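*Asks:* Compute the structure for the input listed below.
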Amino acid sequence: MFEQARSISGMLKMCDSSQSELAKRLGVSQSYIANKIRLLKFPSDVQRKIKRAGLSERHARALLRLSGEEEQLEAIDKAVKHQMNVRA
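*Replies:* Next up, the predicted model:
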């Protein structure tokens, strides 16, 4: 998911286009593009931990609501330990 987000971000920069324009080119919605780009807000340590834990993109987007890196890392540990779904 992070590799895809980096690719989309790179395409936006390379083509110097808006999210809406890129979405049309790729045949996806603008919100799809926006959600992918949001994943890049995570610090690299959090990205690695999400990937290692095998969490879904929906899990990751839920973690973005948390205030900081430490809180996000703790939430990942808790989600894995308790096999929590996104809602939990």
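*Asks:* tally of neighbours for Q30?
*Replies:* Per other C-beta atoms under 10 Å, the neighbour tally for Q30 reads 14. (C-beta placed from N, C-alpha, C; glycine too.)
*Asks:* Could you do A79 as well?
*Replies:* 19.
*Asks:* so how far is K81 from A5?
*Replies:* A5 sits 26 Å away from K81, going by C-beta to C-beta, to the nearest Å.
*Asks:* More neighbours: those two, which one.
*Replies:* More neighbours surround A5 than the other of A5 and K81, with 21 against 9 (other C-beta under 10 Å).
*Asks:* Just give me the residue closest to the centre of the protein.
*Replies:* The residue lying closest to the centre of the chain (C-alpha atoms, centre = their mean) is L39, at 2.5 Å.
*Asks:* contacting residues around it?
*Replies:* Listed by C-beta atoms under 8 Å, 6 or more residues apart in numbering, the contact set of L39 reads M1, F2, A5, Q47, E57, A60, R61, L64.
*Asks:* rerun that using 10 Å as the cut-off
*Replies:* Residues near L39 by C-beta atoms under 10 Å, 6 or more residues apart in numbering: 1-2, 4-6, 8-9, 47, 50, 57, 60-61, 63-64.
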